[in-house]
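K.L.:
Mind folding the following:
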Amino acid sequence: MEQENSCCHNFDKKYVLIILGMVLLSGIIIASILRDWFVNDYQSQVSVTGQGKVSYQPDEANINLGIQVDKAPTAEIALKQLNEKMTKVVAAVKAAGIPEEDIKTRDYNLSPSYDYNQGRDFVSGYDARQSLAVKVKNIDKNKELVSQVVAAANGAGVNNINSINFGVSDLNSIKQQARVKAIQDAKSKADELFKAAGVKPKKITGWYENEAGGMGGAQPVAEGSMLSAAKNDRGGASVSPEIPSGNQEMIVEIGVNYEVK
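P.N.:
The predicted model follows:
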């Protein structure tokens, strides 16, 4: 009886091992098939990158300008001086043709000024500053408008002009034009490459976009050169500084993925 049970037990073990072996072999075969499928599928994909460029004339500018008051005797006097000067600047900018909704405060700060004497710091006055963001529109129709606004603000008391940023109001339209050109460029390159390689495109499986640049950016303004050009010896405005906007360029790159056969 014991021998019979032992034989049955050995038979069961062999049966289990055979099944495990078959399962393992099946797994290896399936993995090999899937690997071959993925590799072949990947190899049938080709990506071609095209570039689109669109040149445009800016039609708006953003000017960052401000006033700074240094070492006023008290905080109240510092704020009073700052407010009085800023009121004049805003009035001058409006008079130059900028509506109130296009004049916004970007920064407002009041802080003590410290000096060092005999081993210790002490408050020597109060500094106050305020900066404005001024949007100047339709500069493509009036190329002197930015210079006129800068000169008007400077004549009213501005002592900081931080940057001027040129742009276009309908940026999406410019981008779309660049995208279309980029896709056309990619298709033209693909036709030449496929012909040289002896393959044919089956279908487009997707694409990706990369904005390569050329949008135009903040133009730093040298404070000394610009302000001195716009003031006479008495501190009043004399001539407008030259601030050409030039042409800007939008550059978009698009990679197009093809399935080939």
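
K.L.:
and residue 258, what does it touch?
P.N.:
Contacts for residue 258 (CB atoms under 8 Å, 6 or more residues apart in numbering) come out as 45, 46, 47, 48, 190, 194, 201, 202, 203, 204, 205. From N, CA and C alone the C-beta is placed, and that goes for glycine too.

K.L.:
now those residues in a markdown table, with distance to residue 93, neighbour count and pLDDT?
P.N.:
Output for these, formatted as a markdown table (distance: CB to CB, whole Å; neighbours: other CB atoms under 10 Å; pLDDT from 0 to 100):
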| residue | distance to residue 93 | neighbour count | pLDDT |
| --- | --- | --- | --- |
| 45 | 56 | 12 | 79 |
| 46 | 55 | 17 | 84 |
| 47 | 50 | 14 | 88 |
| 48 | 50 | 21 | 91 |
| 190 | 52 | 20 | 90 |
| 194 | 58 | 16 | 87 |
| 201 | 57 | 17 | 82 |
| 202 | 60 | 11 | 79 |
| 203 | 56 | 9 | 83 |
| 204 | 51 | 14 | 86 |
| 205 | 53 | 13 | 87 |
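
K.L.:
isn't residue 85 right next to residue 67, touching?
P.N.:
Yes - counting by CB atoms under 8 Å, residue 85 touches residue 67, with 4.9 Å between them.

K.L.:
the helices in this protein, which residues?
P.N.:
Ranges of helices in the chain, per DSSP state H, are 2-43, 75-95, 145-155, 171-197, 223-229.

K.L.:
In terms of pLDDT, where does residue 8 sit?
P.N.:
As predicted, residue 8 sits at a pLDDT of 51.

K.L.:
Residue 3 too?
P.N.:
pLDDT, residue 3: 49.

K.L.:
before we move on, what about residue 212?
P.N.:
With respect to pLDDT, residue 212 scores 68.

K.L.:
Any idea how many residues pack against the residue lying closest to residue 53 once chain neighbours are set aside?
P.N.:
The shortest distance from residue 53 to any residue other than its chain neighbours is 5.3 Å, reached at residue 251 (CB to CB, 6 or more residues apart in numbering). When neighbours are counted by other CB atoms under 10 Å, residue 251 registers 17.

K.L.:
again with the one 5 residues further on
P.N.:
As a burial measure, residue 256 scores 22 neighbours (other CB under 10 Å).

K.L.:
How about residue 112?
P.N.:
Residue 112 has 14 neighbours, counted by other CB under 10 Å.

K.L.:
Surely it and residue 121 touch.
P.N.:
No - at 9.9 Å, residue 112 and residue 121 do not qualify as touching, with contact defined as CB under 8 Å.

K.L.:
picking up where we left off before, the more surrounded of residue 85 and residue 67?
P.N.:
Taking neighbours as other CB under 10 Å, residue 85 and residue 67 compare with residue 67 leading, 23 against 19.

K.L.:
Give the bridge partners for the more buried one, please.
P.N.:
residue 130 (DSSP bridges).

K.L.:
OK, contacts around it?
P.N.:
So residue 67 contacts 82, 85, 86, 89, 129, 130, 157, 158, 159, 160 (CB under 8 Å, 6+ apart).

K.L.:
Tell me both backbone torsions, phi and psi, for the closest residue to the second one other than its chain neighbours.
P.N.:
With CB to CB, 6+ apart as the criterion, residue 85 has its nearest non-adjacent residue at 4.4 Å, and that residue is residue 157. Reported as degrees, to the nearest 10, the phi and psi values for residue 157 are phi 130, psi 0.
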